[in-house]
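A.B. asks: quick one, what's the 3D model for this:
(2 chains)
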Amino acid sequence: MAVIEVANLKKYYQVWQKEPGLTGSIKSLFKRKYEDVKAVDDVSFSIGEGELVGFIGPNGAGKTTTLKVLSGLLYPTAGQVSVLGYTPFDRKPQFQKQFSLVMGQKNQLWWDLPALDSFLLNKEIYEVPQAQFDQTLDDLVSMLDLKKVIKIQVRKLSLGQRMKCELVAALLHQPKVLFLDEPTIGLDVVMQQKIREFIRGYNQKYQATIILTSHYMDDVKELCDRVIIIDKGKIFFDGKLDEIIKKYADRKTLEVVFDRPMSKKDFSGIRAAKIKTFMPTRTVFTVKRAKVNAIAAELLKSFPVVDLNITESSIEDIIREVFTGRDLS
Amino acid sequence: MYRSFVGNCLIREMEFRWHFILYSLINLIWMVLALVTFVFIYGHVSLIGSWTLPQMLLLTATFYFFDRVFDTLFEINFSRLNHLVNQGDLDLVLTKPVSGQFLVSLRYFSFASLFGAISMLGLIIWLIARYFWPLAPGELLIYALLLCFGLVIIYSWWFSTLLLVFWLGNIDNINQLFRPIYEVVRIPIDITGPILKPLLTFVIPLAFVATVPVQVFTRGANYYMLLYGLVAAAASLWLSHRLWRFALRHYTSASS
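C.D. replies: Predicted coordinates:
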């Protein structure tokens, strides 16, 4: 059964444009040129119980706007949205007690107080029974290794510790649906890994339905079987991560190491191979799948090759190329 | 939940005790100056309208008591709304399973303002005991009820003016927009003339802040005004809630 259903969702904003400088500011006092920005434009998808879905796209693609509509923060311009059977914008307390939104760049903890005080406040707000609160807090604190941290004022915590505490505050009422908007932003790789492990653990333990947006592909690769890729307000891919490679990448990567320095001109005869990164003794090419063997053979025959490695294009590369509008074929 | 809000604010306030001490002191000086001004003026006149010096002092003390209570409960929150809306921090408030209007209006509690309220309450008790005792039965209760109605009325009107930030964008002093209108109530409304008096009593019923409650002691209780205060408070609160719901439809949040 679908927990989240979105049909033909649109969210348009009106923004006005101002020319730079003082003259532009004075002009804008009297006359403003407004235009519609289509932040989300006819988006539809459905997510089942317990799914952990990655929501990816470049800046301004419409990811966060979609999450905000799903959370009931923004009123949609058009379309139908249902989360756990509720219309989010009605903001029914019964609905709000069953979901949580975590935003990597915003915090709900009281800055001058220890995180534990904010947790106790959320206990009151969400009307969590004492026994359940104690149990969940114990669980979350041990999963995130926070025992020594929750009694220190939030302003004295590191970014990583604060993010972990934000997660605890958002999960104390055991939400069935969780929207994570860039939860690992700004964290070091070790902390990113810990947060990822925690998200996976929470998803499995509580069968929570999770949508995750992130700019770090590692987050998505490690956590999500399914990804929804959105750009300019529209979905252009919704499926398993592996399928992106099948669908969009018909090129492979050839990494070649030479035993003496080469110049770019030396490769001018191999037209089917595009140079991705060039260094005199180590060059990476991208080549159409169908021609990989032939190009590899030619490189081995005509150049002083020490090592040659053929790999699939990385998901990051594929997505970057899709976003920059290059023709992958 | 409100107890937790107040508790958290108290813990926070104790972290910054100099803020508490200085704020309380400045407040006290401000209020004493306002009261002393009337003592000087009444050195030259015996009445302003029909108001004697003790009556005027009671009106001023009532106004400042009301003002400090309003600060303690609401204004500390009002000053944050512009930031909440324009920085998108309202997002995490609106996801909570509690009325958003309640959260943005009462989330913070100003202990620093509470000191001013308590000192004015002391002055009110002294003035009543010295100049207005004995009182008829129920007058104190009616005075307190009228002040409560005034609190709800001012909250609702003031809060409604803040909602302009949803349409107009960043306005730093939006929480001061209503203040000039509100400040009128520190003088007796019945001396403001034939247009302002009915306007401020019945249309924008600001008279319920000080004039109408103090008139309980100077003219006796008026049960029609008590009933009108109840109706005006309920209607103002209802209207502010409708406006809040309407404004939220125009909330655009902010960049992530």
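A.B. asks: so which elements touch the helix or strand hosting B:Tyr228?
C.D. replies: Taking DSSP states H and E as the definition, B:Tyr228 sits inside helix B:223-248. Applying 3 or more C-beta pairs under 8 Å, 6 or more residues apart in numbering or on different chains; DSSP states H and E, one finds that helix B:223-248 contacts helix B:100-106, helix B:139-162, helix B:165-168, helix B:211-219. C-betas here are computed from N, CA, C, even on glycine.
A.B. asks: up against chain B, what does chain A have?
C.D. replies: A:13, A:64, A:68, A:71-75, A:91, A:93-97, A:99-101, A:103, A:105-108, A:110, A:112-113, A:117-118, A:120-121, A:124-127, A:153, A:181-182 (C-beta under 8 Å from any C-beta of the partner chain).
A.B. asks: report the buried members of the residues you listed.
C.D. replies: A:13, A:64, A:68, A:71-74, A:91, A:95-97, A:99-101, A:103, A:106-108, A:110, A:112-113, A:117-118, A:120-121, A:125-126, A:153, A:181-182 (16 or more other C-beta atoms under 10 Å in any protein chain shown).
A.B. asks: how about the helix holding B:Tyr228: buried residues?
C.D. replies: By neighbour count on 16+ other C-beta under 10 Å, the buried set for helix B:223-248 is B:225, B:228-229, B:232-233, B:236-237, B:240-241, B:243-244, B:247-248.
A.B. asks: what's the closest non-adjacent residue to residue 75?
C.D. replies: You didn't say which chain, so I picked chain A. B:Arg249 (4.7 Å; C-beta to C-beta, 6 or more residues apart in numbering or on different chains).
A.B. asks: wrong one, chain B
C.D. replies: Leaving out its chain neighbours, the residue that sits closest to B:Glu75 by C-beta to C-beta, 6+ apart is B:Asn175, at 6.9 Å.
A.B. asks: among the buried ones among the residues of chain A next to chain B, name the ones in strands.
C.D. replies: Assignment to strands by DSSP state E places the following of these there: A:Tyr13, A:Phe99, A:Ser100, A:Leu101, A:Met103, A:Asp181.
A.B. asks: could the residues you listed go into TSV alongside pLDDT and distance to A:Tyr248?
C.D. replies: Output for those, formatted as TSV (pLDDT from 0 to 100; distance: C-beta to C-beta, whole Å):
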residue	pLDDT	distance to A:Tyr248
A:Tyr13	83	30
A:Phe99	94	32
A:Ser100	94	33
A:Leu101	94	30
A:Met103	89	29
A:Asp181	91	25
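A.B. asks: of all the residues you listed, which two lie farthest apart?
C.D. replies: Using C-beta to C-beta, these span at most 25.3 Å, a distance reached by A:Tyr13 and A:Ser100.
A.B. asks: break chain A into its domains for me.
C.D. replies: Listed domain ranges for chain A are A:4-246, A:250-312 (source: automatic domain parsing).
A.B. asks: just say which of those is most tucked in.
C.D. replies: domain A:4-246 (a mean of 18; mean count of other C-beta atoms under 10 Å in any protein chain shown).
A.B. asks: export the helix ranked longest in chain A as PDB, just CAs?
C.D. replies: As assigned by DSSP state H, the longest helix anywhere in chain A is helix A:189-206. The C-alpha trace of helix A:189-206 is given here as PDB (Å, rounded to 0.1, in the frame of the first residue of the first chain):
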ATOM      1  CA  VAL A 189      33.200  11.600   5.900                       C
ATOM      2  CA  VAL A 190      33.300   9.700   9.200                       C
ATOM      3  CA  MET A 191      30.300  11.500  10.500                       C
ATOM      4  CA  GLN A 192      28.500  11.100   7.200                       C
ATOM      5  CA  GLN A 193      29.000   7.300   7.400                       C
ATOM      6  CA  LYS A 194      27.700   7.200  11.000                       C
ATOM      7  CA  ILE A 195      24.600   9.100  10.000                       C
ATOM      8  CA  ARG A 196      24.000   6.800   7.000                       C
ATOM      9  CA  GLU A 197      24.300   3.700   9.200                       C
ATOM     10  CA  PHE A 198      21.900   5.200  11.600                       C
ATOM     11  CA  ILE A 199      19.300   6.100   8.900                       C
ATOM     12  CA  ARG A 200      19.600   2.500   7.500                       C
ATOM     13  CA  GLY A 201      19.200   1.100  11.000                       C
ATOM     14  CA  TYR A 202      16.100   3.300  11.800                       C
ATOM     15  CA  ASN A 203      14.500   2.300   8.500                       C
ATOM     16  CA  GLN A 204      14.900  -1.400   9.200                       C
ATOM     17  CA  LYS A 205      14.000  -1.300  12.900                       C
ATOM     18  CA  TYR A 206      10.900   0.900  12.600                       C
END
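A.B. asks: is chain A within reach of stretch B:153-168?
C.D. replies: No. Counting by C-beta under 8 Å from any C-beta, chain A has no neighbours in stretch B:153-168; the shortest distance is 11.2 Å.
A.B. asks: give the buried residues for that stretch.
C.D. replies: Residues of stretch B:153-168 classed as buried by neighbour count (16+ other C-beta under 10 Å): B:153-163, B:165-166.
A.B. asks: doesn't B:Tyr108 make contact with B:Arg80?
C.D. replies: Yes. Using C-beta atoms under 8 Å, B:Arg80 is in contact with B:Tyr108, at 7.2 Å.
A.B. asks: out of the two, which sits in the busier spot?
C.D. replies: Set B:Arg80 next to B:Tyr108 and count neighbours by other C-beta atoms under 10 Å in any protein chain shown: B:Tyr108 wins out with 20 against 15.
A.B. asks: mind checking the SS state of that one?
C.D. replies: Following DSSP: H, G, I helix; E, B strand; the rest coil, we place B:Tyr108 in the coil state.
A.B. asks: pLDDT wise, what is it at?
C.D. replies: With respect to pLDDT, B:Tyr108 scores 89.
A.B. asks: host element of the closest residue to it other than its chain neighbours?
C.D. replies: Excluding the flanking residues, the one nearest B:Tyr108 by C-beta to C-beta, 6+ apart is B:Ile76, at 4.9 Å. Under the criterion of DSSP H and E, B:Ile76 resides in helix B:76-86.
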